[in-house]
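*Asks:* model this:
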Amino acid sequence: MTTDSPALLSALYFYPRGGSAHAARAISAELGRNGFDVTLLAGSRTDLGSHADATRFFDRAGLVPVDFTGALASACPVRHDGGPGTAPMQGSYEERPGADDPVFAAIDDDTYELHVAAWARELREAGADDADLLYLHHLTPLNEAASRFFGETPVIGHIHGSELLMLERIVAGAPASWVHAERWATRLHDWAGACDRLIVNSPEGLKRAARLLDLDPERFVLIPNGFDPGFAPAEVDRRAHWTEHLVARPQGWRPGDAPGSVTYTNAEIEVLEGATTLLYCGRFTEVKRLPCLLEAYADALPDFLLPTALVLLGGFPGEWEGEHPLETIERLGLEDVFLAGWHAQSALPEFLAAADVMVHPSVREQFGQALVEAMACGVPPIAVDRGGPSTIVDAGRTGWLVEPDDRAALAAAMLEAVNDPAECRARGKSAREDALRRYTWGQIGASLGGELREIHAGTRARQSILSIR
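*Replies:* As a prediction, the model looks like this:
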């Protein structure tokens with residue numbers, strides 16, 4: 001261990017599922033390229049095939065997976081003690097009835113202590129005693145374990161946004177079922193306050209986090225997420241692409257059913273060969289506003305001047321809040337709307353190459369990874385003028401911005417994108433240029449690496465002064 005190659009232990013309490021897992025993977029790789037000796041500790045489950053298996057998702061040396069599979073098979077997953085290499089089933093910032101992961105705000109103190117103990121053991125096993133820096137994604141029981149057992153090691157906290165959604169709901173008035181809400185709100189504040197620095201992805205996200213966590217904005221470091229080099233404009237045989245993913249090997253799913261339970265015929269997807277294709281990419285959680293998107297699409301349909309289709313890419317298997325998109329599609333009687341299911345990030349560039357516009361109606365997005373990836377592929381986005389998306393999309397030049405939950409404005413933006421193909425292409429070209437200028441992982445990794453080296457150097461200087469005294 002030297003100042004030239006600081007030992008950094010990065011940790012993610014959750015199994016791979018959303019944008020934070022993609023960020024953790026990319027950041028770990030970039031810090032390794034910038035001279036850090038990186039170990040990555042992450043939750044994992046093997047019962048969902050490759051989708052949630054950390055070993056397969058992260059696919060890197062220095063990975064230490066923590067398996068939830070045994071917990072899921074036990075009588076009480078959230079309290080299961082399976083020994084080294086395992087942990088009780090994770091909690092969640094979201095409340096989804098019947099979900100494997102219960103909302104944190106309903107988890108009692110005794111159960112919480114089991115999580116802290118398990119993750120303290122796993123941190124130690126992953127090398128926390130010898131680490132120069134701990135890089136903890138989200139605010140979770142990992143933070144408590146770090147504070148109690150590795151308190152001399154600087155902690156970098158990375159706020160991804162979902163923790164703020166739970167905190168906002170607690171502040172607004174938690175549901176009666178969230179019986180431990182106030183205790184968890186206090187924990188989030190305490191964990192954030194104990195971090196040496198907090199990483200946030202956008203200026204709006206910084207303001208929001210500082211306000212909710214009651215911290216000086218100077219404690220935060222602004223580091224956006226980036227895109228992999230594979231995200232670039234490309235030509236694709238659209239008919240072959242959609243036939244493969246909607247007919248031959250479908251991954252869309254009905255509520256309560258497995259991936260592949262939503263299927264299409266060759267005749268049904270024929271429209272996708274020549275239509276202007278709108279693409280949504282993300283989870284099926286409430287903040288993503290899928291019903292609003294589908295209702296706005298239904299409003300716009302009569303006025304599209306060109307054949308148009310909408311593809312919903314994503315929806316982690318078995319996970320949704322509120323009305324499932326398929327139920328909305330059936331309620332509205334929509335045609336030419338397709339569920340493509342969940343796919344690995346490496347497959348997304350091809351899906352973007354087969355699309356013309358990204359539609360992202362999420363109302364409380366800390367950043368907006370999918371927007372950056374679409375822009376890198378030359379696909380202009382329609383997004384909400386709040387949070388991260390408001391700083392990513394330059395309305396009128398690289399895409400469109402609409403007010404939150406404004407169904408009429410969302411429909412109008414889709415109409416403009418579809419009915420003026422030349423303008424759509426021009427915004428796509430500008431979007432690609434913007435992405436290259438602002439969001440390559442190479443430049444982001446170098447910036448983050450510089451920040452972490454300063455923190456490490458400051459810590460070593462303080463330790464030297466203390467040892468002299």
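*Asks:* all strands in this structure, in order from the N-terminus.
*Replies:* 7-12, 37-44, 63-67, 133-137, 155-158, 197-200, 220-222, 276-282, 308-314, 337-341, 357-360, 381-384, 400-402 (DSSP state E).
*Asks:* Which strands or helices does the second one pack on?
*Replies:* Applying 3 or more Cβ pairs under 8 Å, 6 or more residues apart in numbering; DSSP states H and E, one finds that strand 37-44 contacts strand 7-12, helix 19-33, helix 54-58, strand 63-67. Placement of C-beta: from N, CA and C, glycine included.
*Asks:* how about the strands of the chain, which one is nearest Ala106?
*Replies:* strand 37-44 (19.0 Å; Cβ to Cβ).
*Asks:* tell me how far that closest one is from the chain's mean position?
*Replies:* Between the centre of strand 37-44 and the centre of its chain there are 17 Å (Cα atoms, centre = their mean, to the nearest Å).
*Asks:* Show the average pLDDT along that strand.
*Replies:* On average, the pLDDT along strand 37-44 is 98.
*Asks:* Stretch 177-193 now?
*Replies:* pLDDT averaged over stretch 177-193 gives 98.
*Asks:* Identify the residues contacting it?
*Replies:* 95, 103-109, 139-140, 143-144, 147, 157, 159, 163, 166-167, 170-171, 174, 198, 209, 213-215 (Cβ atoms under 8 Å, 6 or more residues apart in numbering).
*Asks:* same question, stretch 282-293
*Replies:* 17-18, 94, 165, 280, 310, 312, 314-316, 319-325, 328, 359-365, 370, 405, 407, 410.
*Asks:* Quick one: low-confidence residue ranges for the stretch 151-300 of the chain.
*Replies:* Within the stretch 151-300 of the chain, not a single segment meets pLDDT under 70.
*Asks:* Could I get the full set of helices for it?
*Replies:* 162-173, 181-194, 203-213, 238-242, 266-269, 290-300 (DSSP state H, counting those that start in this stretch).
*Asks:* Check which helices and strands the fourth one sits against.
*Replies:* Under the contact criterion of 3+ Cβ pairs under 8 Å, 6+ apart, helix 238-242 touches helix 348-353.
*Asks:* how far does the helix it packs on sit from the chain's center?
*Replies:* Going by Cα atoms, centre = their mean, where helix 348-353 is centred and where its chain is centred differ by 18 Å.
*Asks:* which secondary structure elements does that helix contact?
*Replies:* Counting by 3+ Cβ pairs under 8 Å, 6+ apart, helix 348-353 packs on helix 238-242, strand 276-282, strand 308-314, helix 369-376.
*Asks:* Looking at these, spot the one closest to Gly256.
*Replies:* Comparing the helices and strands packed on helix 348-353 by Cβ to Cβ, strand 308-314 comes nearest, at 17.6 Å.
*Asks:* which other residues reach that closest one?
*Replies:* 252, 271-272, 275-284, 290, 293-294, 297, 301, 325, 336-343, 348, 351, 355, 359, 418.
*Asks:* same thing but 6 Å
*Replies:* 271-272, 275-283, 297, 325, 336-340, 342, 351, 418 (Cβ atoms under 6 Å, 6 or more residues apart in numbering).
*Asks:* cool, and stretch 324-341?
*Replies:* 245-246, 251-252, 254-255, 259, 262, 271, 290-291, 294, 298, 309-313.
*Asks:* And it, what's buried?
*Replies:* Buried residues in stretch 324-341, defined by neighbour count with 16 or more other Cβ atoms under 10 Å: His324, Pro325, Leu326, Thr328, Ile329, Leu332, Asp336, Val337, Phe338, Leu339, Ala340, Gly341.
*Asks:* picking up where we left off before, deepest of the helices and strands packed on helix 348-353, which one?
*Replies:* Ranked by mean neighbour count under mean count of other Cβ atoms under 10 Å, these are led by helix 369-376, which reaches a mean of 28.
*Asks:* and the angle for that helix with helix 19-33?
*Replies:* 60 degrees (axes from the mean of the first three to the mean of the last three Cα atoms, to 10 degrees).
*Asks:* For helix 369-376, what is the distance to the chain centroid?
*Replies:* What separates the centre of helix 369-376 from the centre of its chain is 13 Å, taken as Cα atoms, centre = their mean.
*Asks:* Let me know the average pLDDT across that helix.
*Replies:* 96.
*Asks:* Are any of the contacts of stretch 177-193 buried, and if so which?
*Replies:* The buried subset of the contacts of stretch 177-193 - by 16+ other Cβ under 10 Å - is 95, 103-107, 139-140, 143-144, 147, 157, 159, 163, 166-167, 170, 174, 198, 209, 213, 215.
*Asks:* what's the span of stretch 430-449 from first residue to last?
*Replies:* 29 Å (Cα to Cα, to the nearest Å).
*Asks:* Ignore what I typed, I meant stretch 210-229.
*Replies:* 32 Å.
*Asks:* in that stretch, what counts as buried?
*Replies:* 210, 212-213, 215, 219-221, 223-228.
*Asks:* which of the residues you listed lies closest to Ala42?
*Replies:* Closest to Ala42, out of all of these and judged by Cβ to Cβ, is Asn225, at 17.3 Å.
*Asks:* tell me the contacts of the closest one?
*Replies:* Ala23, Asn201, Phe367, Gln369.
*Asks:* redo that, cut-off 7 Å
*Replies:* By Cβ atoms under 7 Å, 6 or more residues apart in numbering, the residues touching Asn225 are Ala23, Asn201, Phe367, Gln369, Val372.
*Asks:* Save those as CSV, and put in distance to Arg56 too.
*Replies:* What follows is the contacts of Asn225, written out as CSV (distance: Cβ to Cβ, whole Å):
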residue, distance to Arg56
Ala23, 18
Asn201, 26
Phe367, 25
Gln369, 20
Val372, 24
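*Asks:* Show me the two of those residues that sit farthest apart.
*Replies:* Ala23 and Val372 (11.2 Å).
*Asks:* and which of the contacts of Asn225 is nearest to Leu452?
*Replies:* Ala23 (15.1 Å).
*Asks:* what number of residues lie near that closest one?
*Replies:* Residues contacting Ala23 under the criterion other Cβ atoms under 10 Å number 23.
*Asks:* I'd like the distance between it and His160.
*Replies:* 7 Å (Cβ to Cβ, to the nearest Å).
*Asks:* circling back to that earlier point, any chance of a PyMOL selection covering the buried ones in the contacts of stretch 282-293?
*Replies:* Of those, the buried ones can be selected in PyMOL as follows, counting by 16+ other Cβ under 10 Å:
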select buried, resi 17+18+94+165+280+310+312+314+315+316+319+320+321+324+325+328+359+360+361+362+363+364+365+370+407+410
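*Asks:* Tell me which residue is most central in the chain.
*Replies:* In the chain, the centroid-proximal residue (Cα atoms, centre = their mean) is Gly19; its distance is 1.8 Å.
*Asks:* got the contact list for that one?
*Replies:* Counting by Cβ under 7 Å, 6+ apart, Gly19 has contacts His160, Gln369.
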